[in-house]
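Participant: the amino acid sequence is not available; the structure is as follows:
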């Protein structure tokens, strides 16, 4: 494994002009005043000094690829402030970036989603921003969407436009039925009016919607892919596309997320389709016979070790095979059988089977092993199912007429999500149950694996945290070392690591979670990657107050904690700091998780790297989600979406 560390740029420490205890309350600026002052904003009657909040970097362009934002590493506590009204442009009081609130409890008119939460998509590869369109109004602009509560997009997705100069957002209904789509999607990287996703009734279709005309068409139906295993309608999954809109990856099916096992790939230019079944470890498609991929399955157990014991079996010859099973959803996935063992009982008795060794290099969770016994070679029948993996078994009673061993292994894994690289050449497949992620090359049997911790058993390592694809590289938060780093690696060589943040010089606590978005990536993967840091302790409780002394949710522990940042992927290592996102990422005292996930400030960067869309519960201050009451002490707190300008 190769590990490279970028030299960190000398940080410029920003002098704070006031003690946090003495900071005056924020007064929101009228839009005309914000535009007149540029990067300044109102703090009562005194503007924030731009030099106080920005760091001058040689060659900075106040926009990608080199921002002019703060690159210091001092701890920056939040200045307390209420959530502003929708479309009231304001400035982050601690970093100086312009921001705007997109949604409130009313929701966009016509969408009938009042009272909902409005989170951003849970995945970095979900391209929620259209390409910049110079014909949108006097300054050009963007389409973008956010979800509605009830799961990630239980009420569908609602659309808006953004003016990049005034930072004004406007709900967009256009030709959308009920002013929304039934699920999230991914915008085209070519046409600002096109979005791709599962918009029809079937989860097996890849659909295209033109927001300007309302025309919806089906790009591909996965059931047309040769020899594809059945895909159950249910979970809609997600579609991702390549940077030229010619290739798509799609995971869907199963009753819920994490119960499907088939990912499909479609090349619309060449009219080729390929699929990968993670349960059986097989692939196929256009002009390709169904073939085993290079791994992904639990290996079958070794030859069973047998001995005679007490029991009521007749004297004679007995033959034994074992299988192992992974914990899959909804049923355990079983391997094909081991090699056969033979034992002869010279008198009435039993057969003791030692606990088998299972070669599980991918660290799938093992459900147990099953025992097959027969009185003739190849005639074994199941006598015991899913024995604890570390325990032995004794057959003491007569054989039952059970099922024979399976002819095909299903000891793989369920898919949590699948994402296409922007060059359209590789698909990352996230494991629902285990700790190993896979990278599949469509049209081939090549499958790479990467797990948590150091490389082991020939498998790449340090693949923790949340991943995001560029064109040909992957970024994730993970080791090596005791703290969290940000790692860049080519999809073709998962062992070649570049540390974008040095854990030795600037350690990030292991419990500091981060989600990343790289929709602004260029073909050379040299554009900054943007994201948000959150304390990963989602069971952390608070008292709903704005007192950091009594509310641990407000306790910022280090630089970048609870901040929106962008990180350089080339040149000197830099972390640009733009704003506090004020998302708790935690459950309230009376809720078992409903407030946690949507309030992690998972965000999405615009395709030109100039804006970042994120969700926040604004420290439990946005009220109750529809159908609940009692936030912050009980119920489910609402989440709204916000935009920060990246300069």
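Facilitator: Great, that's in hand. Computed from a prediction, not measured in an experiment: that's the story for all the values here.
Participant: point out where this structure drops to low pLDDT.
Facilitator: Scanning the chain for pLDDT under 70 picks out 1-54, 56, 150-154, 201-203, 536-546, 548, 550, 587-596.
Participant: so who does the residue nearest to residue 197 when sequence neighbours are not counted touch?
Facilitator: Closest residue in space to residue 197, ignoring its immediate chain neighbours: residue 185 at 3.0 Å, by CB to CB, 6 or more residues apart in numbering. For glycine as for every other residue, the C-beta is placed from the backbone atoms N, C-alpha and C. By CB atoms under 8 Å, 6 or more residues apart in numbering, the residues touching residue 185 are 126, 145, 157, 195, 196, 197, 198, 199, 209, 239.
Participant: and the residues you listed, which is closest to residue 420?
Facilitator: residue 239 (8.7 Å; CB to CB).
Participant: circling back: now rank the contacts of residue 185 by neighbours and give me the top one.
Facilitator: residue 239 (31 neighbours; other CB atoms under 10 Å).
Participant: thought that residue was touching residue 199?
Facilitator: No. With contact defined as CB atoms under 8 Å, residue 239 does not reach residue 199; the gap is 9.8 Å.
Participant: okay, and the spatially most central residue of the chain sits in which element?
Facilitator: In the chain, the residue lying closest to the centroid (CA atoms, centre = their mean) is residue 123, at 4.1 Å. Using DSSP states H and E, residue 123 sits in no helix or strand.
Participant: residue 637 against residue 626, yeah?
Facilitator: No. When contacts are counted by CB under 8 Å, residue 637 is not listed as touching residue 626 (11.8 Å).
Participant: the more surrounded of those two?
Facilitator: For residue 637 versus residue 626, neighbours defined as other CB under 10 Å are more numerous around residue 637 (30 against 17).
Participant: how about that one: what's its closest non-neighbour residue?
Facilitator: Take residue 637 and drop its neighbours on the chain: the residue closest to it by CB to CB, 6+ apart is residue 631, 3.9 Å away.
Participant: packing partners of the top strand by length along the chain?
Facilitator: Looking across the chain with DSSP state E, the single longest strand is strand 316-326. Here strand 316-326 is seen to pack against strand 333-334, strand 341-345, strand 349-353, strand 366-374 when contacts are counted using 3 or more CB pairs under 8 Å, 6 or more residues apart in numbering; DSSP states H and E.
Participant: need those strands in TSV (columns: distance to residue 359).
Facilitator: Shown next, in TSV, are these (distance: least, CB to CB, whole Å):
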stretch	distance to residue 359
strand 333-334	15
strand 341-345	17
strand 349-353	18
strand 366-374	11
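Participant: next, format those strands as JSON lines and append distance to residue 137 and mean neighbour count.
Facilitator: What follows is the helices and strands packed on strand 316-326, written out as JSON lines (distance: least, CB to CB, whole Å; neighbours: other CB atoms under 10 Å):
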{"stretch": "strand 333-334", "distance to residue 137": "53", "mean neighbour count": "26"}
{"stretch": "strand 341-345", "distance to residue 137": "75", "mean neighbour count": "14"}
{"stretch": "strand 349-353", "distance to residue 137": "73", "mean neighbour count": "20"}
{"stretch": "strand 366-374", "distance to residue 137": "57", "mean neighbour count": "23"}
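Participant: nearest to residue 447, of these?
Facilitator: strand 333-334 (16.5 Å).
Participant: and that closest one, what does it pack onto?
Facilitator: Counting contacts by 3+ CB pairs under 8 Å, 6+ apart, strand 333-334 packs against strand 316-326.
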